[in-house]
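**Q** Return atomic coordinates for the entry below.
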Amino acid sequence: MSIPIFVDQAKIFVEAGKGGNGCVSFRREKFVPYGGPDGGNGGDGGSVFLRANTEITTLYDFILKPHYKAEDGQHGKGKNMHGKNGRDLYIDVPCGCVVYKIAEDNQKVFIKDLKIPYETVIVAKGGKGGRGNAEFKSSTNRAPKIAELGLPGEKVTLFLELKLIADVGIIGLPNAGKSTLLSVLTSAKPKIADYPFTTLSPNLGVCIYDNFKFVLCDIPGLIEDAHKGKGLGTEFLRHIERTKILIHLIDITPANEDFEILFKNYKIINNEIKSYSKVLIKKPMIIVLNKIDVFEENLIKKIVAKFNKKIKNKLSVIPISAVKKQNLDLLIKKIIYFLNKKEKTEIESIQSTQEPEGFIYKSDNIIVEKQQNKFVVKGKKIEELVQKTNFSLEESVERLQRIFKKLGIEKLLKKKGIKPGDKVVIAGFEFEYYE
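**A** Numbering: from 1, shown residues only. Next up is the predicted model:
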């Protein structure tokens, strides 16, 4: 099975680095009888970032390589030597990439829209390094045998969706001449042939006219009922969500036999866009009647006048021939006029721009839930404490028990009806309750 070069959706799996463990160590030197604890801290794990890169135009590489992991932090050592932090991992994605987190309920949670070149966003935070026993020295405990384990890094499943960034989107039925128009207005070289669905992916091109530069994108696959999945469906409609204006390209040749077909084709595309998004249909639109080279000038004027009357002159209608390059100057000037129009409202995306919850916990409150014969304790602080505890060190376990008591864990468990011998689960660790 072949994979298309242009890929605009991908799912990837990222994992931040684990924090290094703290060290239990005591200074041992000749003539230094009371050296004291000198165990160093573990290094923090590396975090994972996504970075917008202008040189990348597709998500194809993420189909080939969907798994990414940042570097772990190093363990602490004696002589107060702290472990080295793990290196952060930067993953380059195309400009215009929208990033979502796949939540536990399999729902997509918006994280960031990476529209600005070299903009970054953190998607998985590295685990905190554990403290060494030197950190636990106090006036009452001069020789602590306590050290923390490093916390695991976050593991996240991400959904990436690419929306091409263009000023002008060219829409229309297959064979309307979208790719041809793009090729004559810009330096783009799309595949062009005389059959439907020649273009199987959006094409971008840059037009420069009197020192004014703008980007055009032709959108393939629009036919009647595309919003229901017919043809290429709505697979590429997301790419016109960022455009500032639309060029609605219509093949004028059917007007020779039946003018109503011309108007019907116009309504088909408009209805599909409206069905996909009521926001998109409100974008400024230039209607372009293409292939006028097949008609005499007088007939073209009649068709344009009749079409203008049919749509009640609400929009600009320009007759052109992309093949013969007729009236292209007029079209370009109209595009520039719309792009420069001060009072226009620019709609860049129909996705919600609310700040994602991301990886910030809402509350540090401790929650106790009874699940069958077990009592599950949840809460950011308590879970981190358990994950950091080195259960092979007796003093570390005693410290954890003191913290449990201080936080009122036992009282909460008793309220839920816990009895000696019942199991308590915290951060995946299972304990037996006793009084």
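
**Q** All the helices of this structure, in order from the start?
**A** In the chain, helices defined by DSSP state H lie at 60-64, 178-185, 259-276, 297-310, 328-340, 380-388, 394-407, 409-415, listed in chain order.

**Q** Switch these over to CSV; also include mean pLDDT and mean neighbour count.
**A** C-beta: built from backbone N, CA, C; applies to glycine. Shown next, in CSV, are those (pLDDT from 0 to 100; neighbours: other CB atoms under 10 Å):
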stretch, mean pLDDT, mean neighbour count
helix 60-64, 90, 15
helix 178-185, 88, 24
helix 259-276, 84, 17
helix 297-310, 85, 14
helix 328-340, 89, 16
helix 380-388, 85, 18
helix 394-407, 83, 14
helix 409-415, 83, 15
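
**Q** which one of those lies closest to N133?
**A** Smallest distance to N133 across these (CB to CB): 8.7 Å, for helix 394-407.

**Q** what angle do the closest one and helix 380-388 make?
**A** Angle of helix 394-407 versus helix 380-388, following axes from the mean of the first three to the mean of the last three CA atoms, to 10 degrees, is 170 degrees.

**Q** Who are the packing partners of helix 394-407?
**A** helix 380-388 (3 or more CB pairs under 8 Å, 6 or more residues apart in numbering; DSSP states H and E).

**Q** so what's G40 up against?
**A** The neighbours of G40, taking CB atoms under 8 Å, 6 or more residues apart in numbering as the test, are 22-23, 25, 76-83, 132, 134.

**Q** If we use 10 Å, what do you get?
**A** 20, 22-23, 25, 74-83, 129, 131-135, 147 (CB atoms under 10 Å, 6 or more residues apart in numbering).

**Q** give the contact list for the residue nearest to the spatial centre of the chain.
**A** For the chain, the residue nearest the mean C-alpha position is V99 (0.7 Å; CA atoms, centre = their mean). Contacts for V99 (CB under 10 Å, 6+ apart) come out as 12, 50, 93, 108-114, 121, 123, 158-161, 356.

**Q** Would you state the strands of the stretch 51-200 of the chain in chain order?
**A** Under the criterion DSSP state E, counting those that start in this stretch, the stretch 51-200 of the chain contains strands at 67-69, 89-94, 97-102, 108-114, 120-124, 155-162, 168-171.

**Q** Throw the ones you listed into TSV and include distance to S275, thanks.
**A** Below are the strands of the stretch 51-200 of the chain laid out as TSV (distance: least, CB to CB, whole Å):
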stretch	distance to S275
strand 67-69	37
strand 89-94	27
strand 97-102	21
strand 108-114	21
strand 120-124	32
strand 155-162	20
strand 168-171	14
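
**Q** highest average neighbour count across these?
**A** Among these, ranked by average contacts under mean count of other CB atoms under 10 Å, first place goes to strand 168-171 (a mean of 26).

**Q** what packs against that one?
**A** Counting contacts by 3 or more CB pairs under 10 Å, 6 or more residues apart in numbering; DSSP states H and E, strand 168-171 is packed against helix 178-185, strand 203-209, strand 212-218, strand 245-251, helix 259-276, strand 285-290, helix 328-340.

**Q** re the thing from before, put the buried members of the contacts of G40 into a ChimeraX selection.
**A** To isolate in ChimeraX the members of the contacts of G40 that are buried, counting by 16 or more other CB atoms under 10 Å, one can use:
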select :20,22,23,25,74,75,76,77,78,80,81,82,83,129,131,132,133,134,135,147
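
**Q** just to revisit the earlier point, show me the beta-bridge partners of the residue nearest to the centre of the chain.
**A** Going by DSSP bridges, V99 is paired in beta bridges with K112, L160.

**Q** Now that Y434 has come up, it's in contact with D422, right?
**A** Yes. Using CB atoms under 10 Å, Y434 is in contact with D422, at 9.4 Å.

**Q** Between the two, point out the one with more neighbours.
**A** Between Y434 and D422, D422 has the larger neighbour count (other CB atoms under 10 Å), namely 17 against 8.

**Q** Of all the strands of the stretch 51-200 of the chain, which one is nearest K405?
**A** Across the strands of the stretch 51-200 of the chain, K405 has its closest neighbour in strand 155-162 (31.8 Å, CB to CB).

**Q** orientation of the closest one relative to strand 97-102 in degrees?
**A** 150 degrees.
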